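Undergrad: here is a sequence with its predicted model. Questions after.
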Amino acid sequence: MSDRRSEGRALSEEELQELVAASDSGARNPIGPVGTFLAVVAVVWSVFQVVLASPISNVVLPGDIINNSRQIHLAFAMFLAFTAYPALKSSPRHFIPIQDWIMAIAGAAIALYGYIFYQKIVNSGGLADDMDKWFALAGLLLLFEAARRALGPAMAIIATIFLMYVFFGSSEWVPDVIRWKGASLKKAMSHMWITSEGVFGIALGVSTKFVFLFVLFGALLDKAGAGNYFIKMAFGALGHLRGGPAKAAVVGSAATGLISGSSIANVVTTGTFTIPLMKRVGFSSEQAGAVEVASSVNGQIMPPVMGAAAFLMVEYVGISYVEVITHAFLPAIISYMALVYIVHLEAVKRNMPTLGNRITSLGRTIGGMALFFAGFAALCYGVQYPVALVAAMVPSGAGWVLALLVFLSYVVLLWLAAQVPDLEADDPNAEQVELPVVAEIYKAGLYFLLPIIVLVYFLMIEQKSPGLSAFWATALLFAILLTQRPLKSIFRGESETANAFRDGVKDLIAGLIDGARNMIGIGLATATAGVIVGTVTLTGIGQVMADLVEFVSGGNLILMLIFVGILSLILGMGLPTTANYIVVSSLMAGVVVELGAQSGLIVPLIAVHLFVFYFGIMADVTPPVGLASFAAAAVSGGDAIRTGFIGFFYSLRTVALPFMFIFNTDLLLIDVGWLQGILVFIIASIAILVFTAGTMGYFVTRSNIVESVALVLIAFVLFRPDFVMNRIVPPFENIAPAQLSQSIGAMEAGKEVRLVVSGPDFDTGEPKETTLVVPVGAEASGDERLAASGLTVFEEDGALKLDEPFPGTPFFDTMSSFDFYGDAPVTVASVQAPAKQPLKELVFIPALLLLAGVAFIQRARARRQEGVAA
C-alpha cells in the first residue's frame, strides 16, 4: 500500500476499506462457518455490553460477572484480535491459522484468570503466588502481541519498554537519574495483572463501562444511514460556496467526529467523497488531504466522546462528565471555526471556482447553520419541561408514557422521511456534480436526531452516567434499525414490508458486529496502557519525568510547557486516541502540575489534562508517523509526508490553544458565569479567526509581514488580556510572612492567598519551592483559617516555619515531596494576597480598535488594487 502511495495513485474504494479495516476492525474476514462463528462472538460481545450498561443488569447478570466485567471485556477483545487481525502482512486473510486459534483461546482464558480464580485472589489479598505470576506473564505477552496486531508496533513497544524498566530499572547500567529499587517477578505480576493497578485498572474499566456503548452507538447510527445524511446536509449547505467542498468536509467531519473514536476511519469515511471534490475546485492532493486530516483529528477533541478520552478524564481528574465536556467545548468549537476560515481564505486567495449553479451568500448560509444549531440546542434543553410535566401527571408510569411519546415522534419524523426518496451516496468523480438541496433532503434524516437528543438529554439534563445515557440512546437505535425500513415501506404503500424488516434485522446485526470489531483496538489499547499506568504507580517514574523536564527547561515555565508538548506529541505517535491520552496524561500531567506550582502557575487539573491531550493527538497529523495523514494520502493520491506538514500548518491553532487556556482558564469556562461565558465565547471566536488570518497571510486582502505580526499579537491579547493587565497593575501584593496569620484573619471569606513554600526535597535533599493557593474560609481568626486548610505555621529563628500537614488534609499530597525532618526547615518564603486590579476585559478595547485599523488599511489597499485592475 505504501508503494502505491509513493506512486501518487489514490487507492480504490475496496483498498480504502481494507485500510480502515486493517487499522480499526481487523483485516481478516473469513467466510463460511468460521466467519459466522466470529460474527456471533462479536454480536454476543455487543449484547453483553448493552445488558451490562442497562438499568436491569443487576437483575439479569450474576454479581460475579458484573464484578469481573473488565476481565470478560478483555477476553472478548483478545479473542477477536487474534482471529480478526493477521500476524503479518503476508499472513492469510481468508482463513485463521491454527496458531492464531491457540493464541485467541489462550488469551481469552488468561484474561478470564481473575474471574475463574476470583475467590483465591480475594483470599490472598491480591498477591500473586507462583502459579499466578506465570499465567500473568503469559497474559502480558499475549496482550502485547494482540496490541501489536490491532494497533501497530508503537503501543506494544512502549509497553514493553516500561515493563522492562520495572524488571531492570535497578541495574547498574541504568543511569542514576532514572534508576529505582526494582521489583520481583511476583510483585510486578501482582501489580500488573492480578490487582486493579495495571491492566485491569481504571482505563479498562472506563472502556468496559462507557466507551463500548458510545462506539456501538456510533456504529449503529452510521449503519442506519446518519453518516451519509450528515455529509449530504453539509454539502447542501456549504458545497456551493467558494471552497465549498473543503468547508463541507470540515463540517461533515465534525458531525462524524462527535461520535467517532477513530481519526483514521473519519478521514476515510468522509474523505472518499470530500477529497476528490476539493481537488476539483483547485486544492492540491496534499492540501485536500490535509484539510480532511485536520478536520478529522479535530473530531477527537470535540465533545461528547473526544475519542473516548472524555470518560477517562472523569476518572483521572475527578470531576463530573458534564464538567469535562463543558470545559472542553469552547476550544473545540472555535478550533473548527478556525478551520472553516482557513479553507475559506485558501479559496479566496486562489480565487477558486464554485460547484453547482446555486448562488447563496456566505452570511446567509452561516446564519442558517447557526439558527439550526441554536434550535437543536434549544430543543435538547427544552425537552426537560414536557418530561417534567409527564412525570408530574403520571409519576408511576412516566417512563412508559415518555417512551411512547418518543416512539410517536419517531413515527411522525419517519413518515416525513418516507415522503422523499432515500439518500444514495453520490459519486464525487461524476462529470456533473449535483449538490443536494437542503430544503429537499432535510426531511430524509430528521429522525436521526432523536437518538442524539435522547443521549444529550440524559447526559446534560438528567446527568445520568455516560453508560446509562448511551444505553437509552442505543436502545432507541435498535428500534430505528429494526423498523425504519418496514415502516417506510408501509408509508410508501409498497408490498415489500417483510423483506424490509429482514433487511432491518441484517442492519442491526451488522451494526452490532461493526461496533464490536471497532472496539477491539480500543479495548486492547486501554488494557496495554494499563501497563504504563501500573509502571508509573509502581516505580514513581513520574517524578523522574518531572526532574528531566525541569533539567532540560532550566526551570523556565514556557520552555517547560513547550518541552512537555513535544514529549506528549512523541509519546502519542502511532497510538490510537484512547491509549494516547492514557499515556500522555499518566506521564506528563503530573509534570505540568508540579513544575507549574514551583513557578507560581496554579492550573486546574482539567486544563493540564486537556493540554497534554491536545498535543498527544497532534501525533496523528505530524510526520513521520501521522497515521491520519497516511490515510488521507491514500485517498488523495498525494504525498503522505507533505500532507502531514500541511495538515500540521492547518492545525497550528490546535497547538496554540493549549498555551492560551493553560494561562487563561476562562477559555475552559472554569468559574465563569453565563454573561461572562458569552463574552468569552465571542472574544475567543474573534481571536481564533484573527490568529488564523495572521498565520495565513490574508485578512481583507493579502497581508504584509507587519500586518500579519499585528494580527497575531492582537489575537494573543484577546486570548490573554490578563497578560497585559498584569503588567499594568500587578495581580498580587507581597505580604511579610510574619504577617500571614494576621493578614488572612483580616481578609474576606472566599478570597485566596498564595504561599511560596521553600524546603529540602524528600528524595534528594536539594532545596525546592512550590506554590500553595490557600482559600480563606469563614473561620474567625487567621490561625483557625490556616488550620482549616491543614497548615500549621510557627515563627522561629526569624522565619515562618511549617509543620508537616496531617494525612487527609488538602495539602498533604502536595507537601509530601518535602523533607520536614531534615536539618533545613520547611518555611513560608513569601506570601501574596490578591491586589485590586481593573477588569482585564478593558484590554479588549484597544485590541479591537487596532484590529479595526488593520481592516481599514487593508480595505483601502484592496480598493486601490481593484481600481488598478479595472
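TA: Happy to help now that I have it.

Undergrad: so where's the protein shaky on pLDDT?
TA: Residue ranges of the chain with pLDDT under 70: 1-27, 126, 256-263, 305, 307, 355-369, 426-433, 869-870.

Undergrad: spatially central residue for it, please.
TA: residue 306 (3.0 Å; C-alpha atoms, centre = their mean).

Undergrad: what's near enough to touch that one?
TA: By C-beta atoms under 8 Å, 6 or more residues apart in numbering, the contact set of residue 306 is 300, 313, 325, 328, 577, 613. C-betas here are computed from N, CA, C, even on glycine.

Undergrad: how is the protein divided into domains?
TA: 2-204, 732-836 (automatic domain parsing).

Undergrad: ok so, going back, now tabulate the contacts of residue 306 in CSV and tack on distance to residue 207, secondary structure and neighbour count.
TA: Formatted as CSV, these follow (distance: C-beta to C-beta, whole Å; DSSP: H, G, I helix; E, B strand; the rest coil; neighbours: other C-beta atoms under 10 Å):
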residue, distance to residue 207, secondary structure, neighbour count
300, 16, helix, 29
313, 14, helix, 25
325, 18, helix, 21
328, 19, helix, 25
577, 12, helix, 28
613, 17, helix, 29
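
Undergrad: tell me where the chain has strands.
TA: For the chain, strands defined by DSSP state E occupy the ranges 732-735, 752-760, 767-775, 793-796, 799-802, 827-834.

Undergrad: nearest to residue 542, out of these?
TA: Of all the strands of the chain, strand 767-775 sits nearest to residue 542, with 15.6 Å by C-beta to C-beta.

Undergrad: adjacent strands (with direction) for the closest one?
TA: Counting by DSSP bridges, the strands paired with strand 767-775 are strand 752-760 (antiparallel).

Undergrad: and the helix of greatest length in the chain, how far from the chain's centre?
TA: When the chain is scanned for its longest helix (criterion: DSSP state H), the result is helix 497-539. Distance of helix 497-539 from its chain centroid, counting by C-alpha atoms, centre = their mean, to the nearest Å, is 17 Å.

Undergrad: now the domains of the chain in CSV, with mean neighbour count and distance to residue 292?
TA: Below are the domains of the chain laid out as CSV (neighbours: other C-beta atoms under 10 Å; distance: least, C-beta to C-beta, whole Å):
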stretch, mean neighbour count, distance to residue 292
domain 2-204, 18, 12
domain 732-836, 16, 43
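
Undergrad: go through these and name the closest to residue 618.
TA: Judging the domains of the chain by C-beta to C-beta, what sits closest to residue 618 is domain 2-204, at 15.0 Å.

Undergrad: which parts of the stretch 101-250 of the chain are helices?
TA: In the stretch 101-250 of the chain, the helices defined using DSSP state H, counting those that start in this stretch lie at 113-116, 118-123, 130-151, 153-168, 185-189, 202-206, 212-224, 226-238, 244-257.

Undergrad: the stretch 601-750 of the chain too?
TA: Using DSSP H, counting those that start in this stretch, helices in the stretch 601-750 of the chain cover 605-617, 627-636, 640-650, 652-663, 674-696, 705-719, 721-728, 740-746.
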